[in-house]
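Engineer: only the shape, not the letters, is given here:
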């Protein structure tokens with residue numbers, strides 16, 4: 001029965017082709033803005049299923065000028081809300097400073113939402129090995145209300161279009177090599193293909 005072998009081969013080829021076509025139609029590529037799954041160091045980072053609009057809330061810079069997240073449009077932003085009385089927040093500050101230094105493409109915006117003024121915040125950052133961070137203050141807690149933050153530290157990852165793509169309630173290990181690699185990959189320039 002020599003004719004069986006070519007038939008078996010043809011059936012096998014058809015099954016493989018059908019399987020490949022099935023995989024192509026079932027596995028669909030994610031959108032261009034899809035956020036990679038965070039590593040364990042960033043286990044508290046919840047990736048949004050769809051990007052969300054960010055509120056247009058102002059906070060103070062070191063010179064007293066008011067700023068919003070919109071001024072960072074075109075860049076990835078890690079917004080971190082912290083306070084001097086929050087022990088996990090204070091532990092995160094040096095890691096955020098290292099992250100800012102390691103990833104210049106990522107704007108690390110650590111905003112003190114306590115009752116401290118700009119000078120007190122700058123002194124606090126310096127005394128906690130985080131003077132590499134820019135000084136931002138929101139003493140009326142407008143960011144907490146606008147983002148409905150349910151605790152501190154609270155972090156939001158914002159894409160270059162100004163949309164929230166992930167958030168974390170509680171501390172993360174921002175300064176680890178794994179976290180830096182993850183965020184470097186996420187913020188890497190994409191080709192428009």
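Structural biologist: Yes, it's here. All values derive from a computational prediction rather than experimental measurement. Numbering: from 1, shown residues only.
Engineer: and the strands in the chain, which stretches?
Structural biologist: 45-53, 59-61, 66-67, 76-82, 106-112, 136-137, 154-158, 163-169 (DSSP state E).
Engineer: give me the contact list for stretch 91-103.
Structural biologist: Contact with stretch 91-103 is made by 78, 80, 82, 106, 108, 110, 125, 128-133, 153, 171-176, 179-180, 183-184, 187, as judged by Cβ atoms under 8 Å, 6 or more residues apart in numbering. (Glycine included, C-beta is placed from N, CA and C.)
Engineer: tell me which of the residues you listed fall in helices.
Structural biologist: Mapping the contacts of stretch 91-103 onto helices (DSSP state H) picks out 125, 179, 180, 183, 184, 187.
Engineer: which ones are touching residue 142?
Structural biologist: Residue 142 touches 57, 58, 59, counting by Cβ under 8 Å, 6+ apart.
Engineer: rebuild the residues you listed as a markdown table, extending it with distance to residue 67 and pLDDT.
Structural biologist: Formatted as a markdown table, those follow (distance: Cβ to Cβ, whole Å; pLDDT from 0 to 100):
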| residue | distance to residue 67 | pLDDT |
| --- | --- | --- |
| 57 | 10 | 95 |
| 58 | 7 | 96 |
| 59 | 6 | 97 |
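Engineer: please indicate which of the ones in helices among the contacts of stretch 91-103 are buried?
Structural biologist: 125, 179, 180, 183, 187 (16 or more other Cβ atoms under 10 Å).
Engineer: from those, which is closest to residue 36?
Structural biologist: residue 183 (9.6 Å; Cβ to Cβ).
Engineer: residue 93 versus that closest one, what's the distance?
Structural biologist: Here the criterion is Cβ to Cβ, to the nearest Å. By it, residue 183 lies 17 Å from residue 93.
Engineer: then residue 128?
Structural biologist: Counting by Cβ to Cβ - residue 128 and residue 93 are separated by 5 Å.
Engineer: which of these two has more neighbours?
Structural biologist: Between residue 128 and residue 93, residue 93 has the larger neighbour count (other Cβ atoms under 10 Å), namely 24 against 15.
Engineer: and this protein, what are its domains?
Structural biologist: Using automatic domain parsing, the domain ranges for the chain come out as 1-30, 32-187.
Engineer: what's the average pLDDT for the first one?
Structural biologist: The average pLDDT for domain 1-30 rounds to 48.
Engineer: any idea what the residue nearest to residue 52 when sequence neighbours are not counted is bridged to?
Structural biologist: Computed as Cβ to Cβ, 6 or more residues apart in numbering, the closest residue to residue 52 that is not its neighbour in sequence is residue 164, at 4.3 Å. Using DSSP bridges, the beta-bridge partners of residue 164 come out as residue 52, residue 158.
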